[in-house]
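Asker: What shape does this take:
(2 chains)
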Protein chains: 2
Amino acid sequence: MQVMKNKKCVVLLSGGLDSTTTLFYVLSQKYNPTCLIFDYGQRHKKEIYSAKKIAQYAKCKYYVVKISFPWKGSSLLDTRLPIPKHTDFKKNTEPYLPSTYVPARNIIFLSYAVSLAEVLSAEYIFYGANQIDFSGYPDCRLEFIKSFQKMANIGTGLKLKNKKIKIVAPLINFSKDQIVTLAVKLKVPLELTWSCYQGKRKPCGVCDACRLRANGFKKAGIKDPLTK
Amino acid sequence: MQVMKNKKCVVLLSGGLDSTTTLFYVLSQKYNPTCLIFDYGQRHKKEIYSAKKIAQYAKCKYYVVKISFPWKGSSLLDTRLPIPKHTDFKKNTEPYLPSTYVPARNIIFLSYAVSLAEVLSAEYIFYGANQIDFSGYPDCRLEFIKSFQKMANIGTGLKLKNKKIKIVAPLINFSKDQIVTLAVKLKVPLELTWSCYQGKRKPCGVCDACRLRANGFKKAGIKDPLTK
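Answerer: Okay, here's the model as predicted:
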């Protein structure tokens, strides 16, 4: 991607490995980011704390937006539902939706990012989605991102200001181990990130987020500071 | 439009004339609606009260979703900014953005509607937008709605359930007086609706929402119960 100086952008920051690596990539490319963090009733509230710590560590402006999903509809929101363990991704040849999928959550997050970008007159939104080692979420695929970008440019006032939003997902075709390797290269404070869906004191090690992360670190030949 | 019985749908309900008429249209067509009302920090909080009253009057299920726009960026959110008065819509041959436009607000509302539709397994979202007598908002045009629908069907799990979301805007090409006429025909409780951006005891009569409404009632030859 082209390097541009002092370009304002919005970065969706969950506090996980992917979005944090995206933020550090953005900084390495001399963008001027404002981070967007969501408190949406997630079970792993701990990630909000991580995201804030990371934004502060990186000396970035950030907003924490409090929203809610009164209808829940996901094991990430409804603590009565179990978080799936040991999903065999290889066995799932057909696309499937894990119970941790929050309906339209990332569409809402990106919509907020568009709102902030419009207010800041920023032309880039960075989104840490990746479609390789992921949990099967439909909103992490390139086809969706392109379609969202098109919609955002039709449905906002950006065109009237001669602006155009670009949704950039620099990790979209990265495998988890490539993300870990990039994170190390970019000096991401891995010890501040949080991926586990359970959000307890230590990562559970068995949820999809933990297992994808663990596989990535293992393949990259790097020790995860969280599981040391 | 085809009449379908017992079809579940989500209706975006602001408590204004257009969304209320849309709800009553939906009921007349024997859909099974769940209303979605937003408490988003709007200056005219009174519309939330109206929307709830209307949903109750119509004996419909409803959710009030509390969200926020910490960056404001609109005179509907920032009470330090004045609400424009006496905008001359006819003079504006070029598209323009009034200060009451909330960046990406309707994109966020529709995204929430998609989330709820996915949880309810509803295939229709009704949106009271119209592109004739409107304030120039880019998210009230058919081109946007089509693009949003496409994005929603790519970015959610609906396809995996063999479902498809349809965003229906039955009033999209109605003028305000046609909406008033339809509202009367559908027995909409006009006295419960609220349009004024100021949200005081009585409609201000000079904001864009008041003036579009007043023109509609005048052209339709109907007395607005709110200004009697």
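
Asker: Low-confidence regions, chain A specifically.
Answerer: A:1-6, A:86-95, A:133-135 (pLDDT under 70).

Asker: remind me, longest helix of it?
Answerer: The longest helix of chain A (DSSP state H) is helix A:105-120.

Asker: got the angle between that one and helix B:105-120?
Answerer: 170 degrees (axes from the mean of the first three to the mean of the last three CA atoms, to 10 degrees).

Asker: Tell me the strands beside the following helix or strand past helix A:105-120, with direction?
Answerer: Remark: after helix A:105-120, the chain's next helix or strand is strand A:124-126, criterion DSSP states H and E. Partners of strand A:124-126 in the sheet, by DSSP bridges, are strand A:7-12 (parallel), strand A:166-168 (parallel).

Asker: Touching strand A:124-126 from outside, list them.
Answerer: Outside strand A:124-126, the residues that touch it by CB atoms under 8 Å, 6 or more residues apart in numbering or on different chains are A:7-12, A:22-23, A:25-26, A:31, A:33, A:110, A:113-114, A:117, A:165-170. All C-beta atoms are positioned from the backbone trio N, CA, C, and that covers glycine.

Asker: At which residues are the helices of chain A located?
Answerer: Using DSSP H, helices in chain A cover A:17-28, A:46-57, A:105-120, A:142-155, A:176-185, A:208-220.

Asker: Using CSV, please lay out these together with mean neighbour count and distance to chain B.
Answerer: Listed next are the helices of chain A as CSV, based on neighbours: other CB atoms under 10 Å in any protein chain shown; distance: least, CB to the nearest CB, whole Å:
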stretch, mean neighbour count, distance to chain B
helix A:17-28, 24, 17
helix A:46-57, 20, 14
helix A:105-120, 25, 4
helix A:142-155, 21, 4
helix A:176-185, 20, 22
helix A:208-220, 20, 15
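
Asker: Dump those helices to a markdown table, plus distance to B:Glu143.
Answerer: Output for the helices of chain A, formatted as a markdown table (distance: least, CB to CB, whole Å):
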| stretch | distance to B:Glu143 |
| --- | --- |
| helix A:17-28 | 31 |
| helix A:46-57 | 35 |
| helix A:105-120 | 17 |
| helix A:142-155 | 6 |
| helix A:176-185 | 37 |
| helix A:208-220 | 38 |
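
Asker: Quick one: closest of these to B:Gly155.
Answerer: Closest to B:Gly155 of these is helix A:142-155 (CB to CB; 4.1 Å).

Asker: for the closest one, the distance to its chain's centre please.
Answerer: 17 Å (CA atoms, centre = their mean, to the nearest Å).

Asker: If you count contacts, what does it end up packed against?
Answerer: helix A:105-120, strand A:166-168, helix B:105-120, helix B:142-155 (3 or more CB pairs under 8 Å, 6 or more residues apart in numbering or on different chains; DSSP states H and E).

Asker: and that helix with helix B:105-120, angle?
Answerer: Angle, helix A:142-155 to helix B:105-120, by the same axes, to 10 degrees: 140 degrees.

Asker: Contacts for helix A:142-155, please.
Answerer: Contact with helix A:142-155 is made by A:107, A:110-111, A:114, A:127, A:129, A:131, A:138, A:158-159, A:164-167, A:169, A:172-173, B:104, B:106-107, B:138-139, B:141, B:143-144, B:147-148, B:150-151, B:154-155, as judged by CB under 8 Å, 6+ apart.

Asker: Please name whichever of the helices and strands packed on helix A:142-155 is nearest to B:Asp18.
Answerer: The nearest among these, by CB to CB, is helix B:105-120 at 12.1 Å.

Asker: From the contact counts, what lies against that closest one?
Answerer: Using 3+ CB pairs under 8 Å, 6+ apart, helix B:105-120 is in contact with helix A:105-120, helix A:142-155, strand B:7-12, strand B:31-39, strand B:124-126, helix B:142-155.

Asker: Would you reformat these as TSV and include distance to A:Ala209?
Answerer: Below are these laid out as TSV (distance: least, CB to CB, whole Å):
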stretch	distance to A:Ala209
helix A:105-120	14
helix A:142-155	20
strand B:7-12	30
strand B:31-39	30
strand B:124-126	30
helix B:142-155	20
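
Asker: Go through the ones you listed and name the closest to A:Leu182.
Answerer: From these, taking CB to CB, the stretch that ends up closest is helix A:142-155, at 18.2 Å.

Asker: What is the neighbour count of A:Lys202?
Answerer: Here the count is done by other CB atoms under 10 Å in any protein chain shown, and A:Lys202 has 9 residues near it.

Asker: which phi and psi does it have?
Answerer: Torsion angles at A:Lys202 (phi, psi; degrees, to the nearest 10) stand at phi -120, psi 150.

Asker: Then A:Ser99?
Answerer: Dihedral angles for A:Ser99 - degrees, to the nearest 10 - are phi -70, psi -20.

Asker: Tell me who's in contact with it.
Answerer: A:Ser74, A:Ser75, A:Leu81, A:Pro82, A:Ile83, A:Pro84.

Asker: hmm, try it at 6 Å
Answerer: Shown in contact with A:Ser99 (CB atoms under 6 Å, 6 or more residues apart in numbering or on different chains): A:Ser75, A:Pro84.

Asker: for A:Asp224, same thing?
Answerer: For A:Asp224, the contact set (CB under 6 Å, 6+ apart) comprises A:Phe217.

Asker: where's the residue of chain A most remote from its centre relative to chain B, distance?
Answerer: In chain A, the greatest distance from the average C-alpha position (CA atoms, centre = their mean) is reached by A:Leu160, at 29.5 Å. Distance, A:Leu160 to chain B, by CB to the nearest CB, to the nearest Å: 6 Å.

Asker: do A:Pro203 as well
Answerer: Plainly put, A:Pro203 is 26 Å away from chain B if you go by CB to the nearest CB.

Asker: close enough to count as contact, that residue and A:Cys196?
Answerer: Yes. Applying CB atoms under 6 Å as the test, A:Pro203 and A:Cys196 come out as touching, 4.0 Å apart.

Asker: Neighbour count: the two, which is higher?
Answerer: A:Cys196 (24 against 20).

Asker: May I have the phi/psi pair for that one?
Answerer: Torsion angles, degrees, to the nearest 10, at A:Cys196: phi -60, psi 130.

Asker: again with A:Leu76
Answerer: The phi/psi pair for A:Leu76 (degrees, to the nearest 10) is phi -80, psi -20.

Asker: That one - how many residues pack around it?
Answerer: A:Leu76 has 24 neighbouring residues, counting by other CB under 10 Å.

Asker: OK, contacts around it?
Answerer: When the contact criterion is CB under 6 Å, 6+ apart, the partners of A:Leu76 are A:Gln42, A:Arg43, A:Thr100, A:Val102.

Asker: Spatially nearest residue to it, not counting backbone neighbours?
Answerer: If the residues on either side of it in the chain are set aside, A:Leu76 comes closest to A:Thr100, at 5.0 Å by CB to CB, 6 or more residues apart in numbering or on different chains.
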